[in-house]
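Participant: Sequence and predicted structure are below.
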Amino acid sequence: MSYHFFAAISRMKYIDRWQLMRNSREENLCEHSMEVAMIAHALCVIGNVRYGKDLDADRAAVIGLYHDASEIITGDMPTPVKYYGDEIRTAYKKVEAVAENRLLTKLPEDLAPVYRSIFGTDENPDPAAGEAAESGRYMRRLVKAADKLSALIKCMDETAAGNTEFRTAMQSTRKALDAMAQELPEVRDFMEDFLPSYGRTLDELA
C-alpha cells in the first residue's frame, strides 16, 4: 500500500505566504518552515545554555518544520483575516485541526502517533508529567516565537528592498515580539544578538 503523507508535505514549496500583499520576493511555506525550525532550535539552545533550561532543541526544530503543515490543505490564511475576531479565530483553529487529522490519515497506523505528537498543541497533556509537561509547553511557546521572528525577518527584508507594503506588518510584529520577550528571555537575546545582522550585505556578513 502507498501512503501519501510525505508527498503531501513536499507540496509546502507550492504554498506562497503573504498572498494579500505585494512582495518584492515571494516566500513559500517550505522556506518559512525551515527558518522557523532553525530559529526555534536556536531559542532552545539559548534557553539551555544561558538560563539552565532543559529543552529539547532537536524536537523544537522538528515541530517548527511541521508547524504550518495544515496549510497544504487550507492554504495560507492572511493574519488580518485569521485573527479578525474570536469567532473566526476559533473556527480557523477547528479547520486547522481537521486538516492536520487529514494529513495524519496519510500515514501508516504505526507511524501516525509520532507525527500526531509533533502536530499537537501540548507536548505532554498529562498533568502528572509535571516538569516534562511544562518544558514541552515552554518549548512550543518558543516555536511560536520563532514563527513571529521569521515573519519579522520577512518584513525587514521587504522594507529594506523599498517595499512599504510591509511597514505596518513589521511594526505590529515587532510589538508582538517585544511583548513575548518580556516573558521569554530567549527571544530577547535572539533579537539583541542576531536580529541586527539580518538585511546586511554578504560582504558585511563576511
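Facilitator: Yep, that arrived.

Participant: residues of the helix or strand hosting Ala146 that come out buried?
Facilitator: Element membership for Ala146 (DSSP states H and E) is helix 131-160. By neighbour count on 16 or more other Cβ atoms under 10 Å, the buried set for helix 131-160 is 133, 135-136, 138-159. Quick note: C-beta positions are derived from backbone N, CA and C, even for glycine.

Participant: Against Tyr3, how distant is Ile63?
Facilitator: Separation of Ile63 from Tyr3 (Cβ to Cβ, to the nearest Å) stands at 21 Å.

Participant: that older thread, now whichever helix or strand comes after the helix holding Ala146 against helix 131-160, angle please.
Facilitator: Heading C-terminal from helix 131-160, the first helix or strand you meet, by DSSP H and E, is helix 167-183. Relative orientation of helix 167-183 and helix 131-160, computed by axes from the mean of the first three to the mean of the last three Cα atoms, to 10 degrees: 150 degrees.

Participant: What is the neighbour count of Asp58?
Facilitator: Neighbour count for Asp58, taken as other Cβ atoms under 10 Å: 11.

Participant: residues contacting it?
Facilitator: His41 (Cβ atoms under 8 Å, 6 or more residues apart in numbering).

Participant: Pull the helix or strand it falls within out as CSV, backbone CA atoms only.
Facilitator: Element membership for Asp58, per DSSP H and E: helix 57-66. What follows is helix 57-66 as a C-alpha-only set of coordinates in CSV (Å, rounded to 0.1, in the frame of the first residue of the first chain):
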residue,chain,number,x,y,z
ALA,A,57,16.1,21.8,20.8
ASP,A,58,16.0,19.0,18.2
ARG,A,59,12.4,18.3,18.8
ALA,A,60,11.6,22.1,18.6
ALA,A,61,13.2,22.1,15.2
VAL,A,62,11.1,19.3,14.0
ILE,A,63,7.9,20.9,15.4
GLY,A,64,9.0,24.1,13.5
LEU,A,65,9.3,22.1,10.3
TYR,A,66,5.7,20.9,10.5
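
Participant: for the helix or strand immediately after it in the chain, what is the average pLDDT?
Facilitator: Using DSSP H and E, the helix or strand that directly follows helix 57-66 along the chain is helix 71-74. Taken as a whole, helix 71-74 has a mean pLDDT of 87.

Participant: Noted, bye for now.
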